[in-house]
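S.K.: model the structure of this input:
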Amino acid sequence: MAAELYAAKKLPSVAATATTVQQYQQQNISNNNTVHGCNWQGLYPTIRERNAVMFNNELMADVHFVVGPPGGTQRVPGHKYILAVGSSVFYAMFYGELAEDKDEIRIPDVEPHSFLAMLKYIYCDEIDLCADTVLATLYAAKKYMVPHLARACVAFLETSLSARNACVLLSQSCLFEEPELMRRCWQVIDAQAELALRSDAFCDIDLRTLESILRRETLNASETVVLEAALSWAEAECQRRELQPTVENKRLVLGEVLYLIRVPAMSLDEFANGAAQCGLLTLAETNAVFLWHTAANKPELPFVSQPRKGLTPQRCHRFQSCAYRSNQWRYRGRCDSIQFAVDRRVFIAGFGLYGSSCGSAEYQAKIELKRQGATLGLAVVKYFSDGSSGTFPVFFEHPVQVEPDTFYTASVVLDGNELSYFGQEGMTEVQCGKVTFQFQCSSDSTNGTGVQGGQIPELIFYA
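M.R.: I've put the predicted structure just below:
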C-alpha cells in the first residue's frame, strides 16, 4: 500500500518532451540514470523539475553513499548543494566547520529504500510513503533533521493506526520522542486492549514497552487476556535471546514485570482454570492466590490485587423524547438503521436500545456496524427489558474503531415484544464531550428508523 501526502502541484512540461520528470523519478528509484542530450535543462520549466532529474542520478554527483547493513547495501549518488539545502545535518557534513571531504559515506543504520524516500523529498519536494517502510523513513528523517518529512511520517502512522500495530508504534513513538503519536497509540490500546494484546506485533515490543502496557490502569481487557499476552511475549523473547521457551526461562525474561499481571483480580474460576495451570507461577504463589480468594486472613501477595479501572463508556443519545404506539412498533425481521459520522476517532462499543412498553420482556438483537458496505462489527445478543422507557446496552465483542469525517452505518434487527418504545425529536448533530456526532438517514433502514425518529437511540463509545 502506498500513499502520497502533500503532493506537489505538477506544472506542465514542454509538449515536445518525450520523457517526463515523473518517469525519471520512477527509474531513478532503482537505477542511476544519466541524462542524454546537451540541452536537457530546457525540457523542464521549474527548478523543482530540474532538481528532480538529479534524484539518484550520477550526473554531476559529487558524493556517494553506501546505504544499508553489510550484505544489503546500495550505492546512492548525491549532490552536496541540494542535500545541504534540504538538511542541516547534510549542511554540517559538507559545509560546516568540521566538514570532511569524503567521496564516499557509509550509512549502515538506514535502509536503502528509506534513504531514497528521504532523498526523493529533498530533491523532488514529494513525499512517498507506504506502511511497510514508513517507520524506517521516519528514522532517516529524524537522523538527518528533515522535519517536514518526519511530520508527514507521523501523520501517516496516525492515519494507519489500529489495534494490529498500536503496540509496536507505541514502542517506536517513545524511541522517536513523538508524544502525540504516543497519545494516539494509548487511545487505541486502551479501547481495543484485547485485540492489541492478541496481535502478532505485540510480541515484537521491547521489555520497557511491555512494562508500560501492563502497568496501564485504563487497559480495557480481562486479566486472563493480559496473562496470555505476557506468555506469548515471553516465548518470543526467549527465541530472540536463543533460549529454550521453558517456564523457567519465561519467568527469567519477564523478570519483575510478571507481578504487574493482576492475577488476584481474576475470578477464582478464571484463576483455577488458567493462571494456576499455566506453569508460570510457583507453587507458593499459586497457593497464596488461592488463599487470597478463599481465606478470611488474606496473605500478602507480590501481585497487584485491585482490578484495572478500564475505560468509562460514553453515550451519544440522539433523541429528545420517546413514546410508544398503541398499535405496536413492528419488527418482523426488518432492519432499523441510521448513518453517523464523528469529527475525531472514537471506538464504538455497542448501542443503547429501547425495550418493551408493556412490562418486562426479552429481546434478541442482531447489531451491525458497517462502512461503505463492509461489516466492521457484528453481534447477536439478548437483553432483558424491564418495561421502562430507558435504554438497554448491547455490545460488540470488541469495540470498533471509527475514523473521523466518514459516514458509518449502525443497524439492528430486533426480535421480541413489538409493543416497544421508539425515539422522537431526533437531532442531526449531537455534542458528546469533545466529540461531535452527525446523523443522516440510511438506505439500509427498512423499518421506519431515520434521523427524526425510530430505534437505535444511543451509540455507546470510548473516546
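
S.K.: please enumerate the strands of the stretch 1-150 of the chain.
M.R.: 2-5, 63-67, 74-78, 104-107, 127-130 (DSSP state E, counting those that start in this stretch).

S.K.: can I get these in a markdown table with mean pLDDT?
M.R.: Formatted as a markdown table, these follow (pLDDT from 0 to 100):
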| stretch | mean pLDDT |
| --- | --- |
| strand 2-5 | 36 |
| strand 63-67 | 96 |
| strand 74-78 | 95 |
| strand 104-107 | 94 |
| strand 127-130 | 91 |
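
S.K.: need these in a markdown table (columns: mean neighbour count and distance to residue 445).
M.R.: Bear in mind the C-beta positions are built from the backbone N, C-alpha and C, glycine included. As requested, the strands of the stretch 1-150 of the chain are arranged in a markdown table below (neighbours: other CB atoms under 10 Å; distance: least, CB to CB, whole Å):
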| stretch | mean neighbour count | distance to residue 445 |
| --- | --- | --- |
| strand 2-5 | 13 | 34 |
| strand 63-67 | 19 | 56 |
| strand 74-78 | 18 | 56 |
| strand 104-107 | 14 | 58 |
| strand 127-130 | 20 | 38 |
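
S.K.: mind putting these into a markdown table with distance to residue 220?
M.R.: Converted to a markdown table, the strands of the stretch 1-150 of the chain look like this (distance: least, CB to CB, whole Å):
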| stretch | distance to residue 220 |
| --- | --- |
| strand 2-5 | 30 |
| strand 63-67 | 42 |
| strand 74-78 | 44 |
| strand 104-107 | 42 |
| strand 127-130 | 30 |
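
S.K.: those: which one's closest to residue 374?
M.R.: strand 2-5 (19.5 Å; CB to CB).

S.K.: skip ahead from the longest helix along the chain and say which helix or strand is next.
M.R.: Secondary structure of the chain per DSSP state H: the longest helix is helix 223-240. The helix or strand immediately downstream of helix 223-240 is helix 247-254, counting by DSSP states H and E.

S.K.: beyond that following helix, next helix or strand please.
M.R.: By DSSP H and E, the next helix or strand past helix 247-254 is helix 268-273.

S.K.: same for the following helix or strand past that next one, what does it pack against?
M.R.: Proceeding N to C from helix 268-273, the next assigned helix or strand is helix 283-294, under DSSP H and E. Of the remaining helices and strands, those touching helix 283-294 by 3 or more CB pairs under 8 Å, 6 or more residues apart in numbering; DSSP states H and E are helix 268-273.

S.K.: point out where the stretch 251-400 of the chain drops to low pLDDT.
M.R.: 327 (pLDDT under 70).

S.K.: spit out the contact partners of residue 454.
M.R.: Residues in contact with residue 454 (CB atoms under 8 Å, 6 or more residues apart in numbering) are 336, 338, 422, 423, 426, 445, 447, 448.

S.K.: quick check, nearest of the residues you listed to residue 84?
M.R.: Comparing the contacts of residue 454 against residue 84 with CB to CB places residue 338 closest, at 56.6 Å.

S.K.: and that closest one, helix, strand or coil?
M.R.: Recorded secondary structure, residue 338: strand (DSSP: H, G, I helix; E, B strand; the rest coil).

S.K.: re earlier: contact partners of the longest helix of the chain?
M.R.: By CB under 8 Å, 6+ apart, helix 223-240 touches 193-194, 197-198, 202-205, 207, 210, 214, 219, 244-246, 249-251, 253-254, 257-258, 261-263, 265-266, 270, 274-275, 278, 280, 307-308.

S.K.: same thing with stretch 289-307?
M.R.: Outside stretch 289-307, the residues touching it (CB under 8 Å, 6+ apart) are 223, 259-265, 268, 271-272, 275-276, 281, 285, 288.

S.K.: and if we set it to 10 Å?
M.R.: 214-215, 217, 222-223, 256, 258-269, 271-272, 275-276, 281, 284-285, 287-288 (CB atoms under 10 Å, 6 or more residues apart in numbering).

S.K.: pretty sure residue 422 contacts residue 391?
M.R.: No - under the criterion of CB atoms under 10 Å, residue 422 makes no contact with residue 391, lying 11.6 Å away.

S.K.: shared neighbours, these two?
M.R.: 319, 322, 354, 457.

S.K.: determine which two of these are furthest apart.
M.R.: Among those, 319 and 354 lie farthest apart (CB to CB), at 9.5 Å.

S.K.: quick one on the thing from earlier: put the buried members of the contacts of stretch 289-307 into a PyMOL selection.
M.R.: What follows is the PyMOL syntax for the buried subset of those, where burial is set by 16 or more other CB atoms under 10 Å:
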select buried, resi 214+222+223+258+260+261+262+263+264+265+266+271+275+276+281+285+288
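
S.K.: ranges for the helices of the stretch 101-250 of the chain?
M.R.: Applying DSSP state H, counting those that start in this stretch to the stretch 101-250 of the chain gives helices spanning 112-124, 134-143, 147-159, 166-175, 179-191, 193-197, 207-214, 223-240, 247-254.

S.K.: for residue 404, find the nearest of these.
M.R.: helix 147-159 (10.5 Å).

S.K.: ok, and the closest non-adjacent residue to residue 164?
M.R.: Leaving aside its chain neighbours, residue 164 sits nearest to residue 199 (5.0 Å; criterion: CB to CB, 6 or more residues apart in numbering).
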